[in-house]
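>>> here's a sequence, model it:
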Amino acid sequence: MKRSAILCLTIVFVLFITTIAFASIDDDLAKIKSAYESGNIDEFKK
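Numbering: from 1, shown residues only. Below you'll find the predicted structure:
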């Protein structure tokens, strides 16, 4: 019982971390896309 509880917590933790990671990546992609559409590529060359 204890082992399955630890496994369940591990899975929840991994899903939580990947969700945060994908959300931040998606946010960065949205910023890059909006900057690209406005023609402001210079801020990414720094």
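
>>> shaky segments in the chain?
Counting by pLDDT under 70, the chain has low-confidence residues at 39-46.

>>> please, which helix or strand holds residue 29?
helix 2-37 (DSSP states H and E).

>>> next one: residue 34 from residue 23, what distance?
Residue 34 is 17 Å from residue 23, where distance means CB to CB, to the nearest Å. Using the backbone N, CA and C atoms, a C-beta is placed for each residue, glycine as well.

>>> the helix holding residue 29: how far from the chain's middle?
On the basis of CA atoms, centre = their mean, to the nearest Å, helix 2-37 is displaced by 5 Å from the centre of the chain it belongs to.

>>> which other helices and strands contact that helix?
Judged by 3 or more CB pairs under 8 Å, 6 or more residues apart in numbering; DSSP states H and E, helix 2-37 is in contact with no other helix or strand.

>>> what's the local residue count around residue 24?
For residue 24, the tally of surrounding residues (other CB atoms under 10 Å) stands at 10.

>>> do residue 14 as well
Residue 14 has 10 nearby residues by other CB under 10 Å.

>>> check residue 27 too.
Counted with other CB under 10 Å, residue 27 comes out at 10.

>>> that one and residue 21: what is the separation?
Where residue 21 is concerned, residue 27 sits at a distance of 11 Å (CB to CB).

>>> over to residue 10?
Counting by CB to CB - residue 10 and residue 21 are separated by 16 Å.

>>> what of residue 37?
The span separating residue 37 from residue 21 equals 25 Å under the rule CB to CB.

>>> over to residue 4?
26 Å.

>>> and residue 12, by the same measure?
Plainly put, residue 12 is 15 Å away from residue 21 if you go by CB to CB.
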